[in-house]
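K.L.:
Structure for the following, please:
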Amino acid sequence: MADAVDARAIAQAGSVALGEIEIARAWNVRGNPVDAPFASEVQRVLGLPLPVAPMTSACDEHRALLWLGPRSWLWVAGAPATRDDFDDTRRAINAAGGALFDVSASYAAWTISGAMAARMLNRGCPLDFHPDAFRTGQCAQSLLGHINALFYRPGEAGTFIVIVARSFAADAWHVLCASARSEGYRIAPRRAFGAFTPRAPRKKT
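P.N.:
Purely as a prediction, here's the structure:
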């Protein structure tokens, strides 16, 4: 994607940085969050508690579990897994009354970061990205131009993550570059998804 950007916009090196994210695993989790065996098993096998409030997430430094709807979540990680890992996880969640689907090949994602990131995103999306309205850890589905997208604010300051269906990746990249052009932007290095979640503070010894 990055080789087709506006060279003048990159040269300006403005207050927005756009970068691709490597999503090695994207698994759609479905089930009833008030069903205790299901919620407990999801936390056991995926390592994160189910976020039950709308537009929220759970994360650690390696992965995130994003709320998509009352009975649907997207579990995303930067590290790859074997087929056996998915099959074992799917069987465990199915046995607890839920369902798991591997959608890892279905998504493309980018970071948008910098002082003008929220303003730039608002040129293509109607969500309010002010930090008082869209806090760290929140996620929401909306539009990026004419494209359905998932917006997530991780723990890294001044950063948003945008996830779209891979079939619309070229269109989404065009919208992002066009929205950032007036500020000027630079292309950030490609990073794994897990690099964006906040690290727990180290305990003093």
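
K.L.:
how deep is A115 tucked in, by neighbour count?
P.N.:
By the measure other C-beta atoms under 10 Å, the count of residues near A115 is 12. Where you see a C-beta, it was placed from the backbone N, CA and C, and this is true even at glycine.

K.L.:
how about the strands in the protein?
P.N.:
Ranges of strands in the chain, per DSSP state E, are 16-22, 25-30, 57-59, 63-69, 72-77, 99-102, 107-113, 139-144, 147-152, 159-165, 185-187, 191-192.

K.L.:
ok now the fourth one, how far from the chain's centre?
P.N.:
The gap between the average C-alpha position of strand 63-69 and the chain average comes to 8 Å, counting by C-alpha atoms, centre = their mean, to the nearest Å.

K.L.:
mind listing what that strand pairs with, with the direction of each?
P.N.:
strand 57-59 (antiparallel), strand 72-77 (antiparallel) (DSSP bridges).

K.L.:
re the thing from before, show me the one of the strands of the chain that comes nearest L127.
P.N.:
Nearest of these to L127, taken as C-beta to C-beta: strand 139-144 at 4.9 Å.

K.L.:
Quick one: list the elements packing against the closest one.
P.N.:
For strand 139-144, the packing partners by 3 or more C-beta pairs under 8 Å, 6 or more residues apart in numbering; DSSP states H and E come out as strand 63-69, strand 147-152, helix 169-180.

K.L.:
What pairs with it, parallel or antiparallel?
P.N.:
Strand pairing for strand 139-144, using DSSP bridges, gives strand 147-152 (antiparallel).

K.L.:
contacting residues around the strand it pairs with?
P.N.:
57, 64, 66, 68, 74, 121, 125, 127, 129, 134, 138-143, 160-165, 168, 171-172, 175 (C-beta atoms under 8 Å, 6 or more residues apart in numbering).

K.L.:
what's the closest non-adjacent residue to T111?
P.N.:
Nearest residue to T111 in three dimensions, chain neighbours excluded: G19, at 4.7 Å (C-beta to C-beta, 6 or more residues apart in numbering).

K.L.:
can you pull the contacts of the closest residue in space to R44 that isn't next to it in sequence?
P.N.:
Distances taken as C-beta to C-beta, 6+ apart place A92 nearest to R44, at 7.6 Å, with adjacent residues excluded. For A92, the contacting residues are E41, R44, V45, by C-beta under 8 Å, 6+ apart.
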